[in-house]
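1. I would like the atomic coordinates for the input below:
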Amino acid sequence: MARFRAEIAPSSRPSLLIDPQPGLPIAEVNAPYEAVCGLDRKALIGQPLFLLFPDNPDDPIADGVSHLYASLKKAAESGRPHAMEVQRYDVRDGDGRFVERYWRPLNTPLTDGFGRVVFLLHQVDEVTDEVLGGKGAG
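-> Have a look, this model is predicted:
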């Protein structure tokens, strides 16, 4: 874990380490990820990914959870990074309301010395302004 923590901590790209066990608990997070999601490390570590980041219940066609899950699964099974198309994935603001956001995610399996997937590295670039033509969201 220390090796992976040391690799993502200095990155300016929002990065999240996910344990591939059932529930996909969050194992580590860097400061840029804390900033884009509005939660601090203590609130994230150990929590199931989709419990903290569910689909927006007010959007009947929200598909962020299913698309992200499929990408993580593909990366884990193939052993190769999986770059997702730009994805709408709304996040909660400080008041708990969902705000429209767009992301360009990359999911990469991280392996131990035996080639077993021990973590999934989820990295995102927020592209909301790009998608909404500079109007921003929220």
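2. Phi first, then psi, for the residue nearest to residue 89 when sequence neighbours are not counted.
-> Of all residues not flanking residue 89 in the chain, residue 64 sits nearest, at 3.6 Å (C-beta to C-beta, 6 or more residues apart in numbering). Placement of C-beta: from N, CA and C, glycine included. For residue 64, the backbone dihedrals are phi -60, psi -40 (criterion: degrees, to the nearest 10).
3. swap in residue 106?
-> According to degrees, to the nearest 10, residue 106 has phi -130, psi 130.
4. Let the chain start at 507 from now.
-> Understood, numbering begins at 507; the last thing we discussed is residue 612.
5. my guess is it meets residue 592, correct?
-> No. Using C-beta atoms under 8 Å, residue 612 is not in contact with residue 592, being 11.9 Å away.
6. Spell out which helix or strand contains residue 635, please.
-> Element membership of residue 635, judged by DSSP states H and E, is helix 634-637.
7. And that helix, what does it pack against?
-> Judged by 3 or more C-beta pairs under 8 Å, 6 or more residues apart in numbering; DSSP states H and E, helix 634-637 is in contact with strand 608-617.
8. Next, name the residue at the spatial heart of the chain.
-> Centroid check for the chain by C-alpha atoms, centre = their mean gives residue 628 as the closest residue, at 4.8 Å.
9. for that residue, what are its contacts?
-> The contact partners of residue 628, taken as C-beta atoms under 8 Å, 6 or more residues apart in numbering, are 521, 522, 523, 524, 574, 578, 611, 612, 613.
10. ok, those residues vs residue 537, which is closest?
-> Checking the contacts of residue 628 against residue 537 with C-beta to C-beta, the nearest one is residue 521 at 9.6 Å.
11. Sketch out the low-pLDDT regions of the chain for me.
-> 507, 640-644 (pLDDT under 70).
12. can you give me the strands in it?
-> 521-524, 532-535, 588-589, 593-594, 597-598, 604-605, 608-617, 623-632 (DSSP state E).
13. Let me know the outermost residue of the protein.
-> Largest centre distance within the chain, by C-alpha atoms, centre = their mean: residue 620, 25.5 Å.
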